[in-house]
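K.L.:
what's the 3D shape of this:
(one chain, ligands or ions: 1)
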Amino acid sequence: MSKIDFESMMSNRISKLPPYVFTTINKLKNEARMRGMDIIDLGMGSPDMPVPEPIRKELARAVNERHINRYPAGDGSIEFKRAVAYWYSKRFDVDLNPADEVLALIGSKEGLANLSSAFMNRDDYALIPTPTYPIFFNSITIFGGSLYNVPLLEENDFLPDFERIDPAVLRRAKLMFISYPHNPTTTVVEKSHFDGIARFAKEHRIIVSHDAAYSEICFDGYKAPSFLEAEGARDIGIEFHSFSKTFSMAGWRMAFVVGNPQILSVMKKMKSYVDFGVFSAIQKAAIVALEMHEEIVSETAAAYQRRRDILCDGLDKLGWKHRRPKATMYVWVKIPEAFKEMNSTEFASLIVRETGVAVAPGIGFGEAGNDHIRFALVEPEDRIQETVDRLSKL
Ligand SMILES: Cc1ncc(COP(=O)(O)O)c(C=O)c1O
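P.N.:
Residues are numbered from 1 along each chain as shown. The predicted structure is shown next:
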């Protein structure tokens, strides 16, 4: 029998997905390693800090419970949902009903994908400020519907201008994806920005999905607000939080979404057909994480802030244009004048080949990011300093 070409059988939707952003950089990273180069990997936003001990201990304890192996409550245990509601009331000016305004997720990437799957039809538009975290636009390619990119321009402080959208698009718009503090541009907002978005979305009957993955990694006294604090936000919106960055639990796959109970109920219906929820032992450990939130987060944010200062001071000396972030674990850097003929993949490739520092090319966050690269602050301070030293020789 001749060999079957399974790749040619790929669905049209999947074949439309762009190549994985790190494919080129990973290849060059491996080649540099083979040449004996020590790689400083500031590419993916995968936290290097350990998960705090009490959380790990609770996981180890819970794993040994007699019935822990059974299927979990798919939408989250009542204890977990209560812990989320309690945390929300302490951290933000928002009271949630744990019964129907909280839904546990196997990471927020899963939840964001299931949101598009649960709501988008072929004729619907999703409004997506770009550059952006890729699951927002890729989930539309996978599950159907049309993308409407709202450019985030430097001259507008990387903020979207929804008022300029064509009314014909607005009539068919169903979903809007926003996210602050923002990956990759690191933009932060105050509550008044959310008030404006909530007003606009209500007027045009658009679901707002706010991804707050970095709300707890803030610097210089800044505190990120919740979208749900905005006037009327709960009538049209939901908000995602992740344990991946806040508690460095990226590999554990634990997150949650809160907000409008009808939107959550549709997501819950969708999820009940495709997954069984998060392992109960991880949900128990996540409760401990939420209980210890304040002390963990202040240490984690302070560590990222020190790393930010080393990198930003170094980039300032090199004359590489960037804004010192007030939040997130990233620095978004414009391709310097001397290299401006290059696109972001070419420039990121040059950096990894010549210096052994791996960064994310901006194109991975959409075409609008192609004149930038992104550094993730996921190595210790001495390695960040070493990054600056190496870049100075480029
Ligand atoms: C904005 C944003 N949302 C979600 C995620 C993924 O979170 P999780 O690990 O909970 O799927 C990331 C990861 O980088 C992100 O940057």
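
K.L.:
what sits against I78?
P.N.:
P98, A99 (Cβ atoms under 8 Å, 6 or more residues apart in numbering). Any C-beta I mention is one placed from the backbone N, CA and C, and that applies to glycine too.

K.L.:
check the gap between it and the ligand for me.
P.N.:
From I78 across to the ligand, the span is 22 Å (Cβ to the nearest ligand atom, to the nearest Å).

K.L.:
whatever helix or strand F80 lives in: which residues count as buried?
P.N.:
F80 belongs to helix 78-91 when assigned by DSSP states H and E. Across helix 78-91, burial judged by 16 or more other Cβ atoms under 10 Å covers F80, K81, R82, A83, V84, A85, Y86, W87, Y88, R91.

K.L.:
chain center to that helix: distance?
P.N.:
21 Å (Cα atoms, centre = their mean, to the nearest Å).

K.L.:
for that helix, C-alpha coordinates in PDB please.
P.N.:
The C-alpha trace of helix 78-91 is given here as PDB (Å, rounded to 0.1, in the frame of the first residue of the first chain):
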ATOM      1  CA  ILE A  78     -18.000  24.300  45.400                       C
ATOM      2  CA  GLU A  79     -15.100  24.900  47.700                       C
ATOM      3  CA  PHE A  80     -12.900  26.200  44.800                       C
ATOM      4  CA  LYS A  81     -15.700  28.400  43.500                       C
ATOM      5  CA  ARG A  82     -16.300  29.900  47.000                       C
ATOM      6  CA  ALA A  83     -12.500  30.500  47.300                       C
ATOM      7  CA  VAL A  84     -12.600  32.400  44.000                       C
ATOM      8  CA  ALA A  85     -15.600  34.500  45.000                       C
ATOM      9  CA  TYR A  86     -14.000  35.300  48.400                       C
ATOM     10  CA  TRP A  87     -10.700  36.300  46.700                       C
ATOM     11  CA  TYR A  88     -12.600  38.500  44.200                       C
ATOM     12  CA  SER A  89     -14.400  40.400  46.900                       C
ATOM     13  CA  LYS A  90     -11.100  41.000  48.700                       C
ATOM     14  CA  ARG A  91      -9.000  41.900  45.700                       C
END
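
K.L.:
avg pLDDT for it?
P.N.:
Averaging pLDDT along helix 78-91 yields 98.

K.L.:
M254: neighbouring residues, count only.
P.N.:
M254 is flanked by 26 other residues according to other Cβ atoms under 10 Å.

K.L.:
for the one 5 residues further on, same thing?
P.N.:
Each residue near G259 was counted by other Cβ under 10 Å, and the total is 27.

K.L.:
cool, the one 5 residues further on as well?
P.N.:
Residues contacting L264 under the criterion other Cβ under 10 Å number 21.

K.L.:
and what of N97?
P.N.:
Here the number of neighbours of N97 (other Cβ under 10 Å) works out to 11.

K.L.:
who touches it in this structure?
P.N.:
Per Cβ under 8 Å, 6+ apart, neighbours of N97: A85, P261.

K.L.:
cool, D157 as well?
P.N.:
Contact analysis of D157 by Cβ under 8 Å, 6+ apart lists T187.
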